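Colleague: next one to model:
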Amino acid sequence: MSPSGISDEALKHATDGKALKHSHMARYAPLDPTCLTSLELSAGWIDARDVPHFLDDKATLATFHKLHTLNMTFSNVDLTTLHSCISPFPAGRELTVKVTGSCRIDAMPRTALAPHLDCYKGPAVLLPLILWHSAPEQVTVTEGSTCEALETLQLATHADFITSLSIRVDLHQDILQSKTLSNILSLCPRVVQLTLEISSATEFPGLNFATVCNSVPTCLF
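Modeller: Numbers count the residues shown, from 1 in each chain. Take a look at the predicted model:
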């Protein structure tokens, strides 16, 4: 543990095939922008309001043109803070976000979070920010309801850029008693790879593997 209280595991990156660790996230100077391709950053041990202090050198961050993969964890975050932490990196293509605690929906930033984004993995609550002027082909919703995902997709200018979708659904609420899943798929007509994690918060007679197998195809055709 460094004197600042930042764990040595807080920042990991790979350059020239060698894993390096830094205890101060602000020390980007030793990193070669021509080599850094992946960044993992966890802010789970502090309030997200402190994160920009470690990512405040926007001019330096903008030089990392080969940094394609971002994996970030935040605690008690809002859209503005998320945007300020991620958007300075100019070449982000794969983004994984985990949020612990609350995620406050404040003003929507006017610029894209990651205009070249190909793959997003994270909670449904962040989809409005993700889909704002970005068109990821692969979307994995790790947390949140299908209703949140549906509302975001309905507000998007278009969602036909999604070709791979992974989402958790409730058999009773999203398939048997509503058309939530069907409506989501109708907004993503180009999906060729679909991964569903199916559960049911409601117990009802006849709930078994066969019920799932017989019910899901009704949403696909």
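Colleague: go ahead and confirm Ala112 touches Leu131.
Modeller: No - taking Cβ atoms under 8 Å as the definition, Ala112 is not a contact partner of Leu131, at 9.7 Å. All C-beta atoms are positioned from the backbone trio N, CA, C, and that covers glycine.
Colleague: okay, those two: which has more neighbours?
Modeller: Counted by other Cβ atoms under 10 Å, Ala112 and Leu131 do not tie: Leu131 has more neighbours, with 24 against 17.
Colleague: ok, and the closest non-adjacent residue to Asp106?
Modeller: Asp78 (4.7 Å; Cβ to Cβ, 6 or more residues apart in numbering).
Colleague: what's near enough to touch Ser87?
Modeller: Contact analysis of Ser87 by Cβ atoms under 8 Å, 6 or more residues apart in numbering lists 109, 111-114.
Colleague: switch to 6 Å and redo it
Modeller: Leu113 (Cβ atoms under 6 Å, 6 or more residues apart in numbering).
Colleague: could you point out which element follows the lowest-mean-pLDDT helix or strand in the chain?
Modeller: One helix or strand of the chain scores below all others by mean pLDDT, DSSP states H and E: strand 18-22, with a mean of 35. Once strand 18-22 ends, the next helix or strand along the chain (criterion: DSSP states H and E) is strand 38-42.
Colleague: what's the neighbour count on Lys59?
Modeller: One thing to correct before we go on: residue 59 is Ala, not Lys. The burial count for Ala59: 7, using other Cβ under 10 Å.
Colleague: I meant Val77, not that one.
Modeller: Quick note: Val77 (other Cβ under 10 Å) scores 24 neighbours.
Colleague: strand partners (parallel or antiparallel) of the helix or strand containing it?
Modeller: For Val77, the host element (DSSP H and E) is strand 69-78. Partners of strand 69-78 in the sheet, by DSSP bridges, are strand 38-42 (parallel), strand 94-104 (parallel).
Colleague: list the contacts of whatever helix or strand comes next after the longest one.
Modeller: Where DSSP H and E defines the elements, the next helix or strand beyond strand 94-104 is strand 119-122. The list of residues contacting strand 119-122 from outside it, by Cβ under 6 Å, 6+ apart, reads 94-97, 130, 136, 138-140, 142.
Colleague: so for strand 119-122, mean pLDDT?
Modeller: When pLDDT is averaged along strand 119-122, the result is 96.
Colleague: and if you look at stretch 164-183?
Modeller: Rounded mean pLDDT across stretch 164-183 is 85.
Colleague: what about that stretch, start to end distance?
Modeller: 16 Å (Cα to Cα, to the nearest Å).
Colleague: centre of the chain to it, how far?
Modeller: Taking Cα atoms, centre = their mean, to the nearest Å, one finds the center of stretch 164-183 at 20 Å from the center of the full chain.
Colleague: other residues contacting the strand holding Val77?
Modeller: Residues contacting strand 69-78 (Cβ under 6 Å, 6+ apart): 38-44, 47-48, 92, 94-104, 106.
Colleague: go on, stretch 177-197?
Modeller: With contact meaning Cβ under 6 Å, 6+ apart, stretch 177-197 is reached by 146, 150, 153, 159-160, 162-166, 168-169, 174-175, 219.
Colleague: fine by me, we can end here.
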